[in-house]
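Novice: quick one: sequence and predicted model below, then my questions.
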Amino acid sequence: MQLSQTLKINGHDDKATVSCLKCDHEFGSQTRNWKHTAQLNEEKMNTMGVPYTTGEGVLFRSFSCPECGVLLDTELAIAGDAFLEDKIYV
């Protein structure tokens, strides 16, 4: 089952894991947020290329596969915020 355009779920129930669709790198149990084991890059929004009118603490986070480097997901956050969680409700 696909979790997103770049991630899939292998198995089912509590033994299911999340992995990269491109290279099959495993990020661990689906009961844990996969973003904790991805390659994280954070940049302040107001320092990126085109000036953005955001507060000083707004971050652009990108999550990549540590094995193949494919971009898996992005999110905006305030410094110190927990990662957003992807959930599938079947």
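Specialist: Sure thing, it's come through. Numbers count the residues shown, from 1 in each chain.

Novice: give me the number of residues near residue 16?
Specialist: Counted with other C-beta atoms under 10 Å, residues neighbouring residue 16 total 14. C-beta here means a position set from N, CA and C on the backbone, and glycine is covered the same way.

Novice: leaving out chain neighbours, which residue sits closest to it?
Specialist: residue 30 (4.4 Å; C-beta to C-beta, 6 or more residues apart in numbering).

Novice: hang on, residue 41 packs against residue 61?
Specialist: Yes. Using C-beta atoms under 8 Å, residue 41 is in contact with residue 61, at 7.2 Å.

Novice: what's the helix or strand where residue 72 lies in contact with?
Specialist: Following DSSP states H and E, one finds residue 72 within strand 71-78. Contacts to strand 71-78, defined as C-beta atoms under 8 Å, 6 or more residues apart in numbering, come from residues 4, 6-7, 20, 35, 38, 45, 55, 57-65, 83-84, 86.

Novice: need the strands for the chain, in chain order.
Specialist: 7-10, 17-20, 26-29, 39-44, 58-64, 71-78 (DSSP state E).

Novice: list the buried residues in the third one.
Specialist: If I follow you right, that is strand 26-29. residue 27 (16 or more other C-beta atoms under 10 Å).

Novice: what strands line up against it, and which way round?
Specialist: Sheet pairing of strand 26-29 (DSSP bridges) gives strand 17-20 (antiparallel).

Novice: again with the fourth one
Specialist: The sheet places strand 39-44 alongside strand 58-64 (antiparallel), with pairing taken from DSSP bridges.

Novice: in the strand it pairs with, what counts as buried?
Specialist: Across strand 58-64, burial judged by 16+ other C-beta under 10 Å covers 59-61, 63-64.

Novice: next, the angle strand 71-78 makes with it.
Specialist: 160 degrees (axes from the mean of the first three to the mean of the last three C-alpha atoms, to 10 degrees).
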